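In: Predicted model and sequence follow; I will ask about them next.
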Amino acid sequence: MPVTHRNHTVLRALTAGAVAAALALAPSPAAADHEDTPTVRELLERCGESTDLCEFHPSGAPEYFQNTAEQVGSPVYNCTDHEQLSQVSWSKTTGESNSVNLSMTATFGVVFKQSFTVSYGHEWSSEHTQTQRTQVTAQPGEVATVYYGPRMQRVHGTYELHFGSRQWGHYIWYAPFTAEGPADDQGSTVTQSTRPMTDQERAAFCG
């Protein structure tokens with residue numbers, strides 16, 4: 001993933017209040033196609049370890065979206081000759097992910113979550129577990145399945161990293177970053193579907 005840098009002497013002239021403007025005016029990212037350009041992952045691994053400053057600057061409000069629904073619990077096979085009502089017990093845990101596939105328990109993740117709280121007024125949710133019993137209805141010869149789709153949030157932004165000595169030729173680097181996680185306001189969806197059993201299913205589950 002590409003990263004951008006600024007000359008140290010130029011950035012030292014900026015006030016703290018001008019950081020957001022500096023980020024907005026940053027030049028287009030340079031392609032990481034030579035050995036003296038770090039990857040975003042390499043930079044974030046150094047956050048808080050060999051940096052004088054490591055900050056995350058969110059870009060805009062969080063984006064909310066409905067994640068793809070996945071099957072939860074066990075399917076219900078109706079092998080009787082009448083309509084069948086059943087309860088499907090299930091539990092599903094949804095976690096966080098990010099654009100560099102690094103664990104958010106590292107220092108850069110702590111920095112991200114602190115910035116998120118300050119910027120948006122509530123904490124970042126790293127994990128959410130939904131547990132439920134869902135009633136399903138299956139007609140004779142049908143299989144009923146429950147699906148769950150969690151509501152998610154996505155945050156884009158930029159890390160600003162200052163080093164005490166030149167790293168990859170520069171004192172200061174900016175790195176783009178995106179994180180996704182379960183939304184606090186769980187407007188999730190729970191649905192069910194039915195279909196005729198296949199011959200193989202009928203033989204396996206109905207005897």
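Out: Cool, the structure landed.
In: What distance do you get for the residue lying farthest from the centre of the chain to residue 139?
Out: What lies farthest from the middle of the chain is residue 81; by C-alpha atoms, centre = their mean that is 45.3 Å. Applying C-beta to C-beta, to the nearest Å, the value for residue 81 to residue 139 is 10 Å. Yep, even glycine has a C-beta here, placed from its N, CA and C like the rest.
In: residues in contact with the residue farthest from the centre of the chain?
Out: Residue 81 makes contacts with residue 140, as judged by C-beta atoms under 8 Å, 6 or more residues apart in numbering.
In: Can you tell me the SS state at it?
Out: Under DSSP: H, G, I helix; E, B strand; the rest coil, residue 81 falls in the coil class.
In: bridging residues for residue 87?
Out: residue 135 (DSSP bridges).
In: Which helix or which strand is home to residue 110?
Out: helix 107-120 (DSSP states H and E).
In: Quickly find the element holding the residue nearest the centre of the chain.
Out: Residue closest to the mean C-alpha point of the chain, counted by C-alpha atoms, centre = their mean, is residue 180 at 1.8 Å. Residue 180 is located in strand 170-182, with elements delineated by DSSP H and E.
In: what angle do that strand and helix 107-120 make?
Out: Put simply, strand 170-182 runs at 70 degrees to helix 107-120, going by axes from the mean of the first three to the mean of the last three C-alpha atoms, to 10 degrees.
In: What strands line up against the next helix or strand after strand 170-182, and which way round?
Out: Using DSSP H and E, the helix or strand that follows strand 170-182 in sequence is strand 189-196. Note on strand 189-196: by DSSP bridges, its sheet partners are strand 142-149 (antiparallel).
In: Centre of the chain to the strand it pairs with, how far?
Out: The chain centre lies 25 Å from the centre of strand 142-149; the measure is C-alpha atoms, centre = their mean, to the nearest Å.
In: as a whole number, average confidence for stretch 79-91?
Out: Here stretch 79-91 scores 97 as its mean pLDDT.
In: Now it - C-alpha only, CSV.
Out: Extracted as CSV, the C-alpha positions of stretch 79-91 are listed here (Å, rounded to 0.1, in the frame of the first residue of the first chain):
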residue,chain,number,x,y,z
CYS,A,79,-39.4,-35.0,7.8
THR,A,80,-43.0,-35.0,8.9
ASP,A,81,-46.2,-34.6,6.8
HIS,A,82,-47.3,-31.4,8.5
GLU,A,83,-46.0,-27.8,9.1
GLN,A,84,-43.3,-27.7,11.7
LEU,A,85,-42.3,-24.8,14.1
SER,A,86,-38.8,-25.1,15.6
GLN,A,87,-36.4,-22.9,17.6
VAL,A,88,-32.9,-22.4,16.3
SER,A,89,-30.3,-21.4,18.9
TRP,A,90,-27.3,-19.6,17.6
SER,A,91,-24.4,-17.3,18.6
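In: Give the buried residues for that stretch.
Out: Neighbour-count burial for stretch 79-91, counted by 16 or more other C-beta atoms under 10 Å, picks out 79, 84, 88, 90.
In: How about the contacts made by the closest residue to the first one other than its chain neighbours?
Out: What it means is residue 79. Closest residue to residue 79 apart from its sequence neighbours, by C-beta to C-beta, 6 or more residues apart in numbering: residue 206 at 3.7 Å. Residue 206 makes contact with 77, 79, 197, according to C-beta under 8 Å, 6+ apart.
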